[in-house]
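Q: With the sequence up front, the predicted model follows.
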Amino acid sequence: MTQDEVDGLVPRWQEAGMSAALIASLEISKRMSRVHMVFDQAMKAELAELGLTYAEFDVLAALARSAPPHRLKPSELSRSLFLTSGGTSNVLQRLTAAGYVERSDNPGDARSRWVQLTAEGLRVANTALDGAGRAHAEAMAGVPEPTLRRAADALRELTLALGRRGR
């Protein structure tokens, strides 16, 4: 089996007396960080061309994925994107100023408002989603599809075993 940089750390962890389970957890954490870094760098390059941060992209993408008229409540965005309400509010202010989203009253609930993509926001969201697809494809270029599928399935098992922590 081919080894990576993380494998080089394992003997030190073993010498330190760490348990096999802890070592495996550290290996997962280190490798996930490396994969995240690869995706992060690829995404930043795509998003920079559009003048978007990752959080702004995430909000635009969530709204674009919602059923027409592409609107959600801020609380729904926060929950689905794992953002705090304050973080969501800041992102929405920037996207509103850019003309990508607009807020409107919710006639069904006077305590809440809708956030909806503008036509320009939908255009930018679709452009960003296309770029995200390219970034992910380029980041994983050369990785065999069966390897990607096994990794995705293994990570699903891991996230299901971890439950709803971090939400």
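A: Alright, I've got the coordinates. Numbers count the residues shown, from 1 in each chain.
Q: I'd assumed residue 98 was in contact with residue 117.
A: No: between residue 117 and residue 98 no contact is recorded; they are 11.7 Å apart, counting by CB atoms under 8 Å. In this view, the C-beta of every residue, glycine as well, is placed from N, C-alpha and C.
Q: Please say which of those two ends up with more neighbours.
A: residue 117 (26 against 16; other CB atoms under 10 Å).
Q: what's the spacing between the lengthiest helix in the chain and its chain's center?
A: When every helix of the chain is counted residue by residue (DSSP state H), the longest turns out to be helix 20-50. When C-alpha coordinates are averaged (CA atoms, centre = their mean, to the nearest Å), helix 20-50 and its chain have centres 11 Å apart.
Q: packing partners for that helix?
A: helix 10-15, helix 54-65, helix 119-139 (3 or more CB pairs under 8 Å, 6 or more residues apart in numbering; DSSP states H and E).
Q: now those helices as JSON lines including mean pLDDT and mean neighbour count?
A: As requested, these are arranged in JSON lines below (pLDDT from 0 to 100; neighbours: other CB atoms under 10 Å):
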{"stretch": "helix 10-15", "mean pLDDT": "96", "mean neighbour count": "11"}
{"stretch": "helix 54-65", "mean pLDDT": "93", "mean neighbour count": "20"}
{"stretch": "helix 119-139", "mean pLDDT": "95", "mean neighbour count": "16"}
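Q: Noted, bye for now.
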